[in-house]
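**Q** predicted coordinates and the sequence they were generated for:
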Amino acid sequence: MIIQKIGIIGAGQMGNGIAHVMALAGYDVVLNDVSQEALDNAIVAIEKNLARQVSKEKITSDAMSTAMARITSTLTLADVGKTDLVIEAATERETVKQAIFDELLPHLQPHTILTSNTSSISITRLASRTDRPERFMGFHFMNPVPVMQLVELIRGIATDQDTYAACHAVVERLGKTAASAEDFPAFIVNRILMPMINEAVYTLYEGVGSVQSIDLSMKLGANHPMGPLELADFIGLDTCLAIMNVLHDGLADTKYRPCPLLTKYVEAGWLGRKTQRGFYDYR
Ligand code: CAA
C-alpha cells in the first residue's frame, strides 16, 4: 500500500515533531488541532527546529522550504480523513482520544490506516472501538521527535500484517529505526523509563537527594543525557503521572504506584517545561 498523505491530530510537542519529520521525508502532511493558536505555535516551532537543522548543515534551506510547503494546517477533523495514514497525537487521555476517533471515523477513507502515538494506552482497546481494528496500531515517537532515532510500533490483537508493514516502511523512509512491542501497558520504553523517573521522584520525596544531586548522579553516574527529574519536566509531569497510572492499573502491582509528590506537582499545575515550572523553575 502506498502512503503519501499523512494526517496528524494534535499539534503539540509530539504532533509538531511528527509533522516536521514526515514533511522532511517527503510526505504531504495535514496537521489538525482544536485551536488556531495551537496550529500557529506548531508552525513556528517546526520552522524554528528546521532552521536549527539548516544552521547545523544537516539539511539545506531548499529542503526546509519544501518541507514547510508540504504542511497544511486545519481546524477541521474531516480534512484529516482524506489521508492514507492518520497519527493521533492528542493529549494522553483515553476519553479525549476516543472522542477524536468517534468524530473522525465517518470521514475516514476505507483504506486509511489509523494509528495512535499513545505512550501507554491499550492499542487493542482503542482499536476495538473503531471500524477498522485490523488497520489500527500504535505508532509511538520519542521526544524530541526530530532527534530521537526510535519509533515503537505496537500491534493490537487484530492488527494485520499489511498495516504493520506499511507503518514499518514509513519509519524506514524517515531514516528512523522501529522496535516492535507487544500491546501491554506502556509497551517497552515507558515500561522501563517511567518507573525509573517515578523512583527518582521517590528519592526526592524521601529526602535521599536534592533535585540537583539526583540529576547529577544519573547524568555522571549512569551516562544519561538528562537527569530523570529534568527529563520528567521535559516530557511533562502530567504525562508521566498518566503513564504511571496506566502501569499501576493495568499490571495491578504496587511497584508501579505513582509517587505522591508527582501527583502533588500535577495537582498544582506544575507540569514541567510547558508550564515553566516543575522540578525546576524555568521562569
Ligand atoms: N529539533 C531539531 N533538532 C533538535 C531539537 C529539535 N526539537 N532538539 C535538539 N535538537 C538537536 C540540536 O540541534 C543538536 O544537534 P547537533 O547534535 O547537531 O548539535 C542535538 O539535537 C542536541 O541538542 P542540544 O545541543 O541543544 O542539547 P543536548 O545536547 O543537551 O541534547 C537532547 C538535547 C537531544 C534533548 C538530549 O538531552 C537528550 O537526548 N535527552 C533525552 C531525551 C529522551 O530521553 N527522550 C525520550 C523521552 S521519553 C519519550 O519521548 C517517550 C514518551 O512516551 C514519554
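**A** Right, received. Where do you want to start?
**Q** going by C-alpha atoms from here, please, whenever you check contacts or count neighbours.
**A** Will do.
**Q** which element is Arg191 on?
**A** For Arg191, the enclosing helix or strand under DSSP states H and E is helix 189-205.
**Q** now the helix or strand following that helix, how far from the centre of its chain.
**A** Downstream of helix 189-205, the next assigned helix or strand under DSSP H and E is helix 211-222. On the basis of CA atoms, centre = their mean, to the nearest Å, the separation between the geometric centre of helix 211-222 and that of its chain is 25 Å.
**Q** which outside residues touch helix 211-222?
**A** Helix 211-222 is touched from outside by 200, 203-204, 224-230, 279, with contacts defined as CA atoms under 8 Å, 6 or more residues apart in numbering.
**Q** buried residues in it?
**A** 211, 214-216, 218 (16 or more other CA atoms under 10 Å).
**Q** Leu229 belongs to a helix, doesn't it?
**A** Yes - Leu229: assigned to a helix according to DSSP: H, G, I helix; E, B strand; the rest coil.
**Q** tell me if I'm right that Met194 and Thr239 touch.
**A** No - the criterion here is CA atoms under 8 Å, and Met194 misses it with Thr239 at 9.9 Å.
**Q** any idea of the pLDDT on Leu114?
**A** With respect to pLDDT, Leu114 has a value of 98.
**Q** ok, now the one 4 residues further on?
**A** At Thr118 the predicted local confidence, pLDDT, stands at 96.
**Q** got it, and Thr91?
**A** You'll see Thr91 listed with a pLDDT of 89.
**Q** could you report the neighbour count for it?
**A** The number of residues packed around Thr91, counting by other CA atoms under 10 Å, is 17.
**Q** now Ala165
**A** For Ala165, using other CA under 10 Å, the count is 12.
**Q** would you mark the buried spots in whichever strand or helix holds it?
**A** According to DSSP H and E, Ala165 maps onto helix 161-173. By neighbour count on 16+ other CA under 10 Å, the buried set for helix 161-173 is 163-164, 167-171.
**Q** around the ligand, pick out the residues from the chain.
**A** Counting by CA under 6 Å from any ligand atom, the residues of the chain close to the ligand are 49, 52, 56, 119, 142-144, 146-147, 225-226, 235.
**Q** what's the closest of the buried residues of helix 161-173 to the ligand?
**A** Closest to the ligand out of the buried residues of helix 161-173 is Val171 (15.9 Å), distances taken as CA to the nearest ligand atom.
**Q** I'd say that closest one and Ala178 touch.
**A** Yes - Val171 lies in contact with Ala178 (CA under 8 Å); the separation is 6.4 Å.
**Q** what do the two both touch?
**A** With CA under 8 Å, 6+ apart, Val171 and Ala178 have common neighbours Val151.
**Q** what is the burial count for Ile192?
**A** Neighbour count of Ile192, defined by other CA under 10 Å: 11.
**Q** what's the answer for the one 4 residues further on, then?
**A** Burial measure for Met196: 14 neighbouring residues, criterion other CA under 10 Å.
**Q** what do you get for His248?
**A** Neighbours of His248 (other CA under 10 Å): 17.
**Q** helix or strand for it, which one?
**A** In this assignment (DSSP H and E), His248 forms part of helix 237-251.
**Q** could I get the buried residue list for that helix?
**A** For helix 237-251, the neighbour count (16+ other CA under 10 Å) marks 237-248, 250 as buried.
**Q** make TSV from these and add pLDDT to it.
**A** What follows is the buried residues of helix 237-251, written out as TSV (pLDDT from 0 to 100):
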residue	pLDDT
Leu237	97
Asp238	95
Thr239	92
Cys240	96
Leu241	96
Ala242	93
Ile243	94
Met244	97
Asn245	95
Val246	94
Leu247	96
His248	97
Gly250	95
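**Q** where do the helices sit along the chain?
**A** For the chain, the helices defined by DSSP state H cover 13-24, 36-55, 61-69, 77-80, 94-104, 123-128, 161-173, 189-205, 211-222, 228-235, 237-251, 260-267.
**Q** show me the shaky parts of this protein.
**A** Counting by pLDDT under 70, not a single residue of the chain qualifies.
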